[in-house]
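Undergrad: The following comprises the amino acid sequence and a computationally predicted model.
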Amino acid sequence: MKATEAKFLDFIKKSPQFVIPIYQRTYSWTERECRQLWDDILRTGSNDDVSAHFVGSIVYIEKGLYQVMSQSPLLVIDGQQRLTTMALLIAALVKALESQPEEAREPVDGFSPRKLRNYYLINPEEEDARHYKLILSQTDRDSLIAIVSEKEQPKEFSRRVTENYALFASWIKGFKGDLAPLCKGIAKLMVVDIALNRDQDNPQLIFESMNSTGRELTQADLIRNFILMGLEPELQTRLYEHYWRPMELDFGQEAYGTHFDGFMRHYLTVKTGDIPKLDAVYDAFKAHARSPKMAEAGVESLVSDIRIFSHYFCAMALGAEPDGELKRAFHDLRELKVDVSYPFLLELYHDYAEGVLSKQDFVTAVRLIEAYVFRRAICNIPTNSLNKTFATFTKALKKDRYLESIQAHLLTLPSYRRFPNDDEFKRELQVRDLYNFRSRSYWLRRLENQGRKERVDVAEYTIEHILPQNENLSTAWKEALGSEWERIRETWLHTLGNLTLTGYNSEYSDKSFIEKRDMQGGFKEIPLKLNQGLGQLEQWNEDTIKDRAQRLSEIAVSVWCTPHLAADVLDAYRPNAESASAYSIEDHPHLHNGVGRELFEAFRKEVMALNPVVSEEFLKLYVAYKAETNFVDVVPQAKRLRLSLNMPFADITDPRGICKDVSGLGRWGNGDVEVGFSSMEELPYLMGLVRQSFERQMDNGNVQ
């Protein structure tokens, strides 16, 4: 490696050509990074006391892949964002100077349009690709060449390249005074020129360690470079053009930057069974790629597999599904924003593509997941378990009974992972604040279109409170509601029974119910299923709100269906574990009465109050309290309760030092931390210890 300090313009001028390898990410600087560079240049150029401004390093391989010039092109490992941005700025400056009067076309020596173009943008004596100082990859390449050549942009142009060129052009156009400070600032830019030797330096390790100014490398950037950088040129090009480039095109320029990291996380979850943390996807990918199985299969098999699964992901997450029925199902699921379901859905889509899972069963499975997620949201069940629920779902699949095994698994999920039944769902749906529900348009659309062949575009309507939400309720409304109008309004205003759709929201205002019913465009005339029955009512009060909520909730259970299996079929899927109902408090003599019972009742009350997800299970030798799994077990003894906390002893915070390390010792209960409970005065401190075990489990169940 050779590293030297150099003036940016001198460095560009002496170098024959910079080539961005195909494995590098596309140009990604936004207005924020361009503005920072612009401000730095102007500040430097306007202050004669500042002699230089450092803008980072340019790392490249001296011996390029293409022997097309007397001097080989320099393959850029790090620095393409700055090189590209400066090329755009210089091109915009050339254009602006060309429009100036002759005497103003060279505000600073060396900054005439001809010199700027011939020194820093093109090689005037070369032809074809060799003509240009900077060759980007794919779409970026054609857009930059069009700008430098002053030609029309290609049909598939680079948004970032064209937008940033336009930014610089507008900033230069709006520049007050002459352009000398801008030119002086550019002349003062400094870089560290780092040349690598292909035979002696490891470009991948150097690339990983870079922390240059600008946009941070995404996990996808690192993964692409890890796969392609060290390959022979022919294989590198083939893998990129056959697999990686089609993925980039499927995602599109914007979605590739925002969704590809997420896709790779879901892909690795499918392949490994573990959910990588968001900032550790690259490390997880390297471990997967270097596993014996993948090493034996080879790099092309790996890239091909990623390409296949990316196709599934784009179909589900980006609306690219060609089948109409599946497309609608994926769209509805996307509105619920449950990205954690994608690892499971990727597995299902793969089996659908391979003919293992029928299309109709696939649609049904997607709809079941949608119902599972929506019902849980309505019933206000904590979502922190969903990551693990979907990451481990495939373990429950029996592919000879595919849909049946999905239904059975959903129906047998325990505690706070449960699939809410019809009664719980209807009850909560009728009283929940649905106006402020995050997916308001989603549930309205799904209810309205249930059973319709011609779908209604809910976006054309606005949500209407039948009982107005106006704080100054009219006298007519107060009389209609009766003496308890304030309680009724507070209880039912934003709930299912009082909400509907209309195209006449402003006309309705806070009119009485009869006026809303009979006016033009009123409830009698609007042909929406949600309004059925409103035109026949003579009044609107608490009873009619509740009646309508009950009717709509009956429709809802057919929209968001629960799985149905025969009892004997479902029993065959139930785990053969020790039944929680096999034991009760009566099986623990030390809890029958006295101090032991008093301590236990106080303890169980506090533990169950930690969170609605906590469940209690009586076993033969102890009582377990569970969230994801046991977090504290109670072993009843003659004069005290022995608590077993399910966490490593090294992780417990115990200022009083009363906990005992029982790791490696035989004992009843789960966990490495043991503590006694013998008097009520100890309860607050003990609950602080128990809470640590509970919160640790909840945090681990919600992997970020």
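TA: Alright, I've got the coordinates. Numbers count the residues shown, from 1 in each chain.
Undergrad: contact partners of stretch 31-43?
TA: Outside of stretch 31-43, the residues within contact range by C-beta atoms under 8 Å, 6 or more residues apart in numbering are 50, 53, 55, 81-82, 85, 89, 163-164, 167-168, 171, 181-182, 185-186, 189, 214-215. All C-beta spots, glycine's among them, are computed from the backbone N, C-alpha and C.
Undergrad: Go again with 10 Å.
TA: Applying C-beta atoms under 10 Å, 6 or more residues apart in numbering, the contact partners of stretch 31-43 are 29, 50, 53-55, 81-82, 85-86, 88-89, 160, 163-165, 167-168, 171-172, 175, 181-189, 213-215.
Undergrad: Give me the buried entries from the residues you listed.
TA: With burial judged by 16 or more other C-beta atoms under 10 Å, the buried subset of those is 29, 53, 55, 81-82, 85-86, 88-89, 160, 164-165, 167-168, 171-172, 181-189, 214-215.
Undergrad: Take these and keep only those in helices.
TA: 81-82, 85-86, 88-89, 160, 164-165, 167-168, 171-172, 181-187 (DSSP state H).
Undergrad: did I read that right, Lys286 in a helix?
TA: Yes - counting by DSSP: H, G, I helix; E, B strand; the rest coil, Lys286 is found in a helix.
Undergrad: Please report how far it lies from Ala480.
TA: Distance, Lys286 to Ala480, by C-beta to C-beta, to the nearest Å: 68 Å.
Undergrad: more neighbours, those two?
TA: Remark: of Lys286 and Ala480, Ala480 carries more neighbours, 18 against 14, as counted by other C-beta atoms under 10 Å.
Undergrad: Let me see the confidence value for the more buried one.
TA: Looking at Ala480, its pLDDT is 90.
Undergrad: In the helix or strand containing it, which residues are buried?
TA: Ala480 is part of helix 475-481 when elements are defined by DSSP states H and E. Neighbour-count burial for helix 475-481 flags Trp477, Ala480, Leu481 (criterion: 16+ other C-beta under 10 Å).
Undergrad: domains for this protein, by residue range?
TA: Following automatic domain parsing, the chain resolves into domains at 2-215, 233-426, 431-559, 580-700.
Undergrad: Do you have the helices of the stretch 151-300 of the chain handy? List them.
TA: 159-173, 180-187, 203-209, 219-228, 233-239, 245-251, 253-272, 281-289, 292-297, 299-317 (DSSP state H, counting those that start in this stretch).
Undergrad: any idea of the angle the second one forms with helix 159-173?
TA: Counting by axes from the mean of the first three to the mean of the last three C-alpha atoms, to 10 degrees, helix 180-187 points 140 degrees away from the direction of helix 159-173.
Undergrad: Give me the contact list for helix 180-187.
TA: 7-10, 37-48, 50, 52-53, 86, 89-90, 93, 96-97, 104, 106-111, 116, 120, 168, 171-172, 175.
Undergrad: Show only the entries of these found in strands.
TA: Residues of the contacts of helix 180-187 located in strands (DSSP state E): Lys7, His53.
Undergrad: before we move on, back to that, which neighbouring elements make contact with the helix holding Ala480?
TA: helix 485-492, helix 513-518 (3 or more C-beta pairs under 10 Å, 6 or more residues apart in numbering; DSSP states H and E).
Undergrad: With Pro414 as the reference, measure out to Pro420.
TA: As judged by C-beta to C-beta, Pro420 and Pro414 stand 13 Å apart.
Undergrad: Looking at those two, which is more packed in?
TA: Pro420 (22 against 11).
Undergrad: Great, nothing more from me.
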